[in-house]
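> Next come a sequence and a model predicted from it.
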Amino acid sequence: MSTPSARIAVIGAGVLGTATARALAVRGAAVTLYERAGFGAGTTGTTFAWVNSHAKDPFSYHALNVAGVAEHHALRTAGGPAPDWFFPTGNLEWAADDVGDARLAEALDTLTSRDYPWRWLGPDAARALVPDLRVPDDVRRIAYFPEEGHVLPLPLVARLWGEARDHGAELRCPAEVIGIDERAADVRVDLADGTSDTFDLVVSATGRWSARTAALTGVSLPMADTTAPGSATVGLLGYTSPTATRLDAVLTTPRLNVRPDGGGRLVVQGLDLDGDADPAAPPPVDGPHAAELLDRLAALLHGTRGARLESFRVGQRSLPADGLTVAGRLRPDGRVYALATHSGITLGPLLGRLAAHELLTGERDPLLADFAPDRLTGAAPDSFAELTRPRFAGQQ
């Protein structure tokens, strides 16, 4: 067990890394944050950033995400800088046809049994929340989730890292970690520039590179492949020019997901187009995929006709091989703690706090009971069932 004065290295300056650095520094640890490229340069920078606990099973994973949503609300009201990173303005969702509506209703019954807040709205009530919403004529009911919302990832990272720095955390960037040796009294972290530092503990928060970081310690941590075109771990995200539409909620509709991105800009996602996502060849902002997304946007929201895409990104999702969060020591008696999850935006502030508490006190929160890395470490990747897109796509 360490003490609050522990020297702790955190690797990765995305939302998980900065949240952990903040939580540790606030509690008095001496924190050094290592980042290879820049804040949010990895998975955090290519995410739909929807805060929710939709279709997240088993129940322990759902409960963890519910707590993650609550953590955002708590952080937003905890004082400090203006809350310009989390917008708990709700989510609206409807189905494409009667079959889809029945499936949605079944999913909502499950959420009701879990006391997850939602209610049906008619089209007029939905337009009262989103005045420029175009509801298809055949849609009679819309599910509304009032406690959900969206995050602007880089302002969130700025909030987390700023408070970590205020409490003494130090940044090394650019700094690529190429070795971790926990065999001696101190854990040695080796860097690509030939230097080394020593710590009491190390936290890996390297997103889709988590398997590579774990391998530096001699541990196999199976993660889903994020490079295969059309796989469950990749998806297309379009970022629009400023629009004149009135939208502050998240929309998850049959043909298009949309959230605000500040300054009138929107993030758009068509899940059925993700099969064409190739990390090695992002589509052009003036190509057929962009045109299709913009046509769908104009059909969904007044005031968006004439918008263009300013950027088109291929999001690469950090996904442990069984689809669930990893949070814990890579070896039960080791000194390297790993954080990896597909729900990084929803869970970031919560996992940072829970990880810091465990590292500094030795007490593991019951919410993390099912998410220790040792359920995966050392297993062959082909021992896990193939991941399917409907369960994971778009959920953060």
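Looks like it arrived, so ask away.

> pretty sure Phe59 is touching Tyr116, no?
No: using C-beta atoms under 8 Å, Phe59 and Tyr116 do not qualify as a contacting pair, with a distance of 11.2 Å. The C-beta positions use only the backbone N, C-alpha and C, and glycine is treated the same way.

> Neighbour count for these two, which is higher?
Tyr116 (19 against 12; other C-beta atoms under 10 Å).

> how would you label that one: helix, strand or coil?
Of the three states, Tyr116 takes coil under DSSP: H, G, I helix; E, B strand; the rest coil.

> Over to Gly315?
strand.

> Next up, the contacts around it.
The neighbourhood of Gly315, defined by C-beta atoms under 8 Å, 6 or more residues apart in numbering, consists of Thr43, Thr46, Thr47, Phe48, Val234, Gly235, Leu236, Leu237, Ala277.

> Just the buried residues from those residues, in ChimeraX please.
Buried residues within the contacts of Gly315, as defined by 16 or more other C-beta atoms under 10 Å, are selected in ChimeraX through the command that follows:
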select :43,46,47,48,234,235,236,237,277
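
> Out of the contacts of Gly315, the closest to Val151 would be?
Within the contacts of Gly315, proximity to Val151 (C-beta to C-beta) peaks at Thr47, which comes in at 8.6 Å.

> show me the residues around that closest one that make contact.
For Thr47, the contacting residues are Pro153, Leu237, Gly315, Arg317, Gly344, Ile345, Gln396, by C-beta under 8 Å, 6+ apart.

> Mind telling me the two of those residues farthest from one another?
Spanning the widest gap among the contacts of Thr47 are Leu237 and Gly344, at 14.6 Å by C-beta to C-beta.

> what's the nearest residue to Tyr61 if we skip its chain neighbours?
Counting by C-beta to C-beta, 6 or more residues apart in numbering, Leu324 is the residue found nearest to Tyr61 once chain neighbours are left out, at 5.6 Å.

> What about the contacts of Thr47, which are in helices?
Secondary-structure check on the contacts of Thr47 using DSSP state H: residues within helices are Pro153, Gly344, Ile345.

> List just the nearest of the contacts of Gly315 to Val258.
When the contacts of Gly315 are compared for distance to Val258, the smallest value, 9.5 Å, is given by Phe48; criterion: C-beta to C-beta.

> Where does the prediction get shaky in this protein?
Applying pLDDT under 70 to the chain flags residues 1-4, 80-83, 378-396.

> how about 50 then?
1-4, 383-395 (pLDDT under 50).

> quick check: domain ranges of it?
The chain breaks down into these domains under automatic domain parsing: 7-66+153-224+320-392, 88-149+228-316.

> Switch these over to TSV; also include distance to Ala74.
Supplementary listing: the domains of the chain in TSV, determined by distance: least, C-beta to C-beta, whole Å:
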stretch	distance to Ala74
domain 7-66+153-224+320-392	8
domain 88-149+228-316	11
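
> in the stretch 51-200 of the chain, which spans are strands?
Per DSSP state E, counting those that start in this stretch, the stretch 51-200 of the chain carries strands over the ranges 86-87, 91-93, 119-121, 142-145, 149-151, 170-172, 177-181, 187-191, 196-199.

> Pull the contacting residues for the residue nearest to Tyr61.
With the criterion set at C-beta under 8 Å, 6+ apart, Leu324 makes contact with Tyr61, Thr341, Asp370, Phe371.

> returning to that earlier point: are any of the contacts of Thr47 buried, and if so which?
Buried positions within the contacts of Thr47, assessed by neighbour count (16+ other C-beta under 10 Å), are Pro153, Leu237, Gly315, Arg317, Gly344, Ile345, Gln396.

> Looking at the residues you listed, which one is closest to Ala355?
Distances from those to Ala355 were compared by C-beta to C-beta; the smallest belongs to Gly344, at 13.1 Å.

> could I get the ones in helices among the contacts of Thr47 as TSV with distance to Asp295?
Putting these into TSV (distance: C-beta to C-beta, whole Å) gives the following:
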residue	distance to Asp295
Pro153	27
Gly344	31
Ile345	28
